[in-house]
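Undergrad: Structure of the sequence below:
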Amino acid sequence: MAFRIIEGRHGRFACLAGDTTIARAIETTGGFAEGEVGILTALAKPGDTVVDVGANIGAMAVPLARRVGPSGRVIAFEPMPPTFLCLCANAVLNDLPWIEPRREALGATVGEIALPPLDPAAPGNHGAVRLLGAVPPGDAGRVPLRPLDALSLGSLALLKVDAEGMDWAVLDGARETIARCRPAIYVEAGRDTAARAAGITGLQAQGWTWFWHFARFVEPATLPEGVPDPFPGIGDANLLALPPGHGVRHNLAPVSAPDADWRADIAAHRRRVAEAR
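TA: Numbering: from 1, shown residues only. Have a look, this model is predicted:
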């Protein structure tokens, strides 16, 4: 069996049968990274255009589509073939035709990118498949690669990027769109500290403000009664960038410096909040 259907708090989800992370979280607790869902949906409103880069099966795209409604659109990029099938299925299962799935990759240049093989029935974290590096024999083919700027979007309220190592290349290819549309940006911090520091510095120079968010795979407050956390303390370090004048309210830790450590910044923020009480 390659696929299965599970029920979650945001709807029904087709998922890869072997997925041990996103599918497991939704199936056992009702949702995946609900703290991230809360932040993203607060950054969008009915009628908005949202871009979801690295949409996977749509764990974020589905609640975002519910938020923006039929007058909005969620353009969801997912290059891996079996995962893309789930993304399309979940737009249908949840009656959300304003999700626009696209099987291509975003980056800084125009071209193609090779895909690693993915067995949907094999156990693993299928949301952590990287397109970078050497591709083993028997790869799953190639998909188009292009910058977000090539879409020439008329408006963009939110850009969410979880591209497993290509995150900062995606932002590099979205410079014109970001400058014109001034979206909120939610991006995985990633391992490339030099690219991260450059990205933070570039927008800070234009008056943007950066914040840290540690997105737990499962938020303890959302656990059903009696259900243990299958991923205690596990999650991803992400960043939120807001343009000058953005009015969203939140309680996230400010980024102290382009090369700052997220753990230290979040710990310092928590101390300040506790001292202010």
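
Undergrad: tell me the contacts of S256?
TA: A264, D265, A268 (C-beta atoms under 8 Å, 6 or more residues apart in numbering). Where C-beta positions appear, they are placed from N, C-alpha and C, glycine not excepted.

Undergrad: quick check, I26 in a strand?
TA: No. In this structure, I26 is helix, not part of a strand, as judged by DSSP: H, G, I helix; E, B strand; the rest coil.

Undergrad: Give me the phi and psi for the residue lying closest to it once chain neighbours are set aside.
TA: Spatial nearest neighbour of I26, excluding adjacent residues (C-beta to C-beta, 6 or more residues apart in numbering): G8 at 4.1 Å. Main-chain torsions, G8, degrees, to the nearest 10: phi -140, psi 180.

Undergrad: Residue numbering should commence at 7 henceforth.
TA: All right, first residue 7 from here; so that's G14.

Undergrad: Can you report how many residues lie near E13?
TA: 11 (other C-beta atoms under 10 Å).

Undergrad: Tell me which residues touch the residue nearest to I32, please.
TA: G14 touches I32, E33, G36, G37, F38, counting by C-beta under 8 Å, 6+ apart.

Undergrad: Run through the bridge partners of it.
TA: G17 (DSSP bridges).

Undergrad: where's it relative to I28, distance?
TA: Distance, G14 to I28, by C-beta to C-beta, to the nearest Å: 10 Å.

Undergrad: swap in A97?
TA: Taking C-beta to C-beta, one finds A97 at 16 Å from I28.

Undergrad: Which one's more surrounded, those two?
TA: Between A97 and I28, counting by other C-beta under 10 Å, I28 is the more crowded of the two (28 against 21).

Undergrad: Quick check: pLDDT value at the more buried one.
TA: Turning to I28, the model gives it a pLDDT of 96.

Undergrad: Backbone dihedrals for it, both of them.
TA: According to degrees, to the nearest 10, I28 has phi -60, psi -50.

Undergrad: Likewise for the one 10 residues further on?
TA: Listed backbone geometry of F38 is phi -120, psi 130, with angles given as degrees, to the nearest 10.
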